[in-house]
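[1] Show me the folded form of this:
(4 chains)
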2 protein chains.
Amino acid sequence: MREKPKPYHHGDLRNALIQAGLELLAESGASALDLRQVARRVGVSSAAPYRHFADRQALIATIVEEGYYRLARHIQSALQQASDEAFDQLNAVARTYVHFAQDNPWLVREMFSGLTIEHETYPDLHQATKAVYHLYVEIIQRGQEHGQVIAGDPRALASVLWSMLHGIATLTIEHQMRPYTDGPEGIDRIALFSMQILYDGVGRKERDP
Amino acid sequence: MREKPKPYHHGDLRNALIQAGLELLAESGASALDLRQVARRVGVSSAAPYRHFADRQALIATIVEEGYYRLARHIQSALQQASDEAFDQLNAVARTYVHFAQDNPWLVREMFSGLTIEHETYPDLHQATKAVYHLYVEIIQRGQEHGQVIAGDPRALASVLWSMLHGIATLTIEHQMRPYTDGPEGIDRIALFSMQILYDGVGRKERDP
DNA sequence: ACCTGAACACCGTTCAAGT
DNA sequence: ACCTGAACACCGTTCAAGT
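    Numbers count the residues shown, from 1 in each chain, chains lettered A, B, ... in the order given. So this is what the prediction gives:
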């Protein structure tokens, strides 16, 4: 079934490299994400990728960028199935975030390692992270409009939400959330619990008489 | 785990390698954390480190472990200067966490990358992270005893606190918290703000008459 | 314009041999 | 017992030459 037409020109090498990199990352972790191996899998020479990416970092940045866009898509589709209650939406996002991390641990680790984000050498990547961040800002704003979320700069509140999501996803991947993540609905439980805390706080409120 | 005090090239190569690794990491980032370069800086051959560490990962795990112990010490000393109010303590921890991350960005990135924690090949490292986690559990428990923190499994609540700290530290390092971190007290401001949210929640509470 | 082949510098790791 | 020197396999990157 598999033909091996090996034209001198690949045709879509750039996308093929991104795809192969994504696969290698998922299969064998970050150490497999090296240019020679990616080139090998695609069936081109080790030098070929340099026609499409400045260096290894640039390929990784593009792969991570793709990761952020995928995450954004997942979140958007989860939000469409949630009610317009702020808490419900927070919950949907948290569940999506943690599941995405669990399903793509190596990709998310690469996304969160941030080595590339630091240098603003990759504007497209920066754009992709902003797209996700913007979804949080919108949730907060809608919640404020409906009187469900406290007043305050939506971007500041969104940053705190982002921090929380970032943290629970990371700790879940690293298996630091056990035993709360065990069992069939464990991952959902920790997401729900975290959002409940974020929503209501850990401080004990006075029961006024 | 103290050994003979002898920071000379001959007798204490193990500690010399850890120290050099810490320095290289701080100076030049993760890419500088390679065995040959560490060996070079200490003034031994490239093969010498293998007498003290199984491989490169083992050296990194030890360096990261040292990072967790340093962080634990910082937190402990901050807690001693805080009052016995739960909120005050949460705040002290958050400030310490974020400052530590800002002062040691590469070390913290390595600590959070978690590639090593996943494999429980490094029990000492696991131990070091537990030491930090335990400090959070204690804060939560004290807060509950004083009626300042809501009821619930202290370990679960501590995990949520940990997630929050993890997230704000990461986003601060990656400069995703701007513009809230700008200015002289910016870093403290974002820590305080985050803890206020964690304590009181983002949900709008009804003002009962 | 896009890709190959060979080359260079460098790293992780091993091992026989030195002290 | 601890360290050196040489060696092997492999990776990032470059560049002249091929299609």
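[2] So what's the gap between stretch A:127-146 and the chain middle?
    Using C-alpha atoms, centre = their mean, to the nearest Å, the distance from the centre of stretch A:127-146 to the centre of the chain it belongs to is 15 Å.
[3] Let's test this: mean pLDDT of it, rounded?
    For stretch A:127-146, the mean pLDDT works out to 96.
[4] Is any residue of that stretch near chain B?
    Yes. Shown here: stretch A:127-146 in contact with chain B (C-beta under 8 Å from any C-beta of the partner chain) through A:T129, A:Y133, A:I140, A:G143. No exception for glycine: its C-beta is placed from N, CA and C like everyone else's.
[5] Looking at neighbours, which among these is most surrounded?
    Within those, neighbour counts (other C-beta atoms under 10 Å in any protein chain shown) peak at A:I140, which reaches 27 neighbours.
[6] Compile the residues of stretch A:127-146 next to chain B into JSON lines and extend it with columns for secondary structure and distance to DNA strand D.
    Putting the residues of stretch A:127-146 next to chain B into JSON lines (DSSP: H, G, I helix; E, B strand; the rest coil; distance: C-beta to the nearest atom of the strand, whole Å) gives the following:
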{"residue": "A:T129", "secondary structure": "helix", "distance to DNA strand D": "23"}
{"residue": "A:Y133", "secondary structure": "helix", "distance to DNA strand D": "29"}
{"residue": "A:I140", "secondary structure": "helix", "distance to DNA strand D": "40"}
{"residue": "A:G143", "secondary structure": "helix", "distance to DNA strand D": "44"}
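[7] can you put those in JSON lines and add distance to B:N91?
    Formatted as JSON lines, these follow (distance: C-beta to C-beta, whole Å):
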{"residue": "A:T129", "distance to B:N91": "28"}
{"residue": "A:Y133", "distance to B:N91": "25"}
{"residue": "A:I140", "distance to B:N91": "23"}
{"residue": "A:G143", "distance to B:N91": "25"}
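[8] Near DNA strand C, which residues of chain A? Just list them.
    Taking C-beta under 7 Å from any atom of the strand as the contact definition, chain A meets DNA strand C at A:8-11, A:13, A:43-48, A:51-52.
[9] Which one among these sits at the bottom for pLDDT?
    Among those, A:Y8 has the weakest pLDDT, 62.
[10] touching chain B at all, the lengthiest helix in chain A?
    Within chain A, and with DSSP state H defining each element, the longest helix by residue count is helix A:56-80. No. Between helix A:56-80 and chain B, judged by C-beta under 8 Å from any C-beta, nothing touches; the nearest distance is 10.1 Å.
[11] Please name every helix or strand in contact with that helix.
    Packed against helix A:56-80 by the contact rule (3 or more C-beta pairs under 8 Å, 6 or more residues apart in numbering or on different chains; DSSP states H and E) you find helix A:13-28, helix A:35-42, helix A:86-103, helix A:105-113, helix A:115-118, helix A:123-145.
[12] Of the ones you listed, which shows the lowest average pLDDT?
    In terms of average pLDDT, helix A:115-118 trails the rest of the helices and strands packed on helix A:56-80, at a mean of 62.
[13] Give the burial count for the closest residue to A:R95 other than its chain neighbours, as a bare number.
    Counting by C-beta to C-beta, 6 or more residues apart in numbering or on different chains, A:A191 is the residue found nearest to A:R95 once chain neighbours are left out, at 4.6 Å. Neighbour count for A:A191, taken as other C-beta under 10 Å: 26.
[14] Does A:A191 touch A:A94 like I think?
    Yes. Between A:A191 and A:A94 there is a contact at 4.0 Å, judged by C-beta atoms under 8 Å.
[15] what is in contact with the two at once?
    Here A:A191 and A:A94 share the contacting residues A:I168, scored by C-beta atoms under 8 Å, 6 or more residues apart in numbering or on different chains.
[16] does chain B sit close to stretch A:30-46?
    Yes. If you take C-beta under 8 Å from any C-beta as the test, stretch A:30-46 does meet chain B, through A:A30.
[17] Now do the domain split for chain A, please.
    Domain assignment for chain A, taken from automatic domain parsing, gives A:1-53, A:57-202.
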